[in-house]
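In: what follows is a predicted structure for the sequence shown.
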Amino acid sequence: TLVCDEVQHLRSKTTKKYRAIKKLAGMKSIKYRVGLSGTPIYNHGSEIWPIVDILKPGLLGNFKEFCEYFCYQDERGRAIVVPSKRDGLRHVLQRDVMLRRKKSDVLKELKDKVRYKETIDADETYYKNELNKIWSKLEEEQKSAETEFSKVASYQRAIQSERQAAGVAKLHHVIDFVKNIMEIEESVVVFCHHKSIHKLLHESLQEFNPAAIIGGQTDKVRQENIDNFQNGGTKLIVVGLRAGNLGINLTRAKYVIFAELDWSPAIHRQAEDRLHRIGQKNTVFAYYLIGKRTLDEHVANILVDKSYEIDAIMDESRDAYENKEKAKLILAQIHDKIHTK
């Protein structure tokens, strides 16, 4: 028997990891193949094909056949599952290869999870100045690029730089939001993407003596920070989205704030579930802070589109989160505090 935990890591058929597991799964001695995941699809529904190809080869045809029947190509050449075919794909998966158990099915005592998007101000002058620098540099690099790869790499660097500029532009308002929500409740988790933003948040919120989880930490230091937060040594922890979205428990808090956005809705859900898991006694409130008139607004729209596709394939009905009125009330309290300063 072959068991693949966190099977979503096999979602790309071009990786060495996928090819190695595919070869292993094809051995005559392997009678059964099992894949385990809470988030098998990270971005687009077509990511399910490589996983199914390992667990039950041929069920969805070859990749070309799968795409021709289930998908269309977007403007960037990515395979997106056609909305009218998403129910059909889910039925095939549930009939032949997928046993789906949601937390609401197995953890009856677990309270709700509420997501709330909050648009906050950003420093437009700073943001526009940074954009001018980024795109001027991009133009120069595009002119001097000798290969198509160099052009694509240059464009990707520009996008990453713009994401970071958006994070810095709204940072002052993010810090105000965090400070004010901590006055209302006790413990808060703040997720961010860039190491530079993590550093600025950690420095700007020193009055709360925050714990930290970030890439590059040793396992010992990482666990010490988690324990410090979980045991009440600090009421605030700042966490890197990709460094702390899996394998940790942050149930002491019921409020999680996303200071920056990732391109993948699965990353956000995994991050939310550091709080919304066994041991959590309260409703979890997740606040997504969107910088006004920055790249955040575009990323947020992309995340919504991806979430609709994923939810339609994985579940017959999307999660219905309650207690939104309470979330709005908390936001109103925060705004009152900010405006009276």
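Out: Right, received. Where do you want to start?
In: okay, now the unreliable bits of the stretch 151-300 of the chain?
Out: 185 (pLDDT under 70).
In: wait, Phe258 sits on Phe191?
Out: Yes. At 5.1 Å, Phe258 and Phe191 qualify as touching, with contact defined as CB atoms under 8 Å. Placement of C-beta: from N, CA and C, glycine included.
In: joint contacts of those two?
Out: By the contact definition CB atoms under 8 Å, 6 or more residues apart in numbering, Phe258 and Phe191 are jointly contacted by 241, 271.
In: ok, those two, which is more surrounded?
Out: Under the criterion of other CB atoms under 10 Å, the comparison of Phe258 against Phe191 puts Phe191 first, with 30 against 25.
In: wait, doesn't that one sit right on Ala271?
Out: Yes. Taking CB under 8 Å as the definition, Phe191 is a contact partner of Ala271 at 5.2 Å.
In: residue closest to the middle of the chain?
Out: Ile267 (2.2 Å; CA atoms, centre = their mean).
In: so who does that one touch?
Out: With contacts defined as CB under 8 Å, 6+ apart, the neighbours of Ile267 are 42, 241-242, 245.
In: report the set of residues contacting both of Phe191 and Ala271.
Out: Shared contacts of Phe191 and Ala271, defined by CB under 8 Å, 6+ apart, are found at 239, 241, 244-245, 256, 258.
In: give me the buried entries from those residues.
Out: Neighbour counting by 16 or more other CB atoms under 10 Å classes 239, 241, 244-245, 256, 258 among the shared contacts of Phe191 and Ala271 as buried.
In: now Lys113, what are its backbone angles?
Out: phi -130, psi 130 (degrees, to the nearest 10).
In: any idea how far it is from Ala266?
Out: 15 Å (CB to CB, to the nearest Å).
In: ok, Gln73 next?
Out: Here Gln73 is placed at a distance of 22 Å from Ala266 (CB to CB).
In: these two: which is more packed in?
Out: Between Gln73 and Ala266, counted using other CB under 10 Å, the more crowded position is Ala266 (22 against 10).
In: how about that one, phi and psi?
Out: With angles defined as degrees, to the nearest 10, Ala266 sits at phi -60, psi -40.
In: pretty sure it is touching Asp311, no?
Out: No. Look at Ala266 against Asp311 with CB under 8 Å: they stay out of range, at 11.3 Å.
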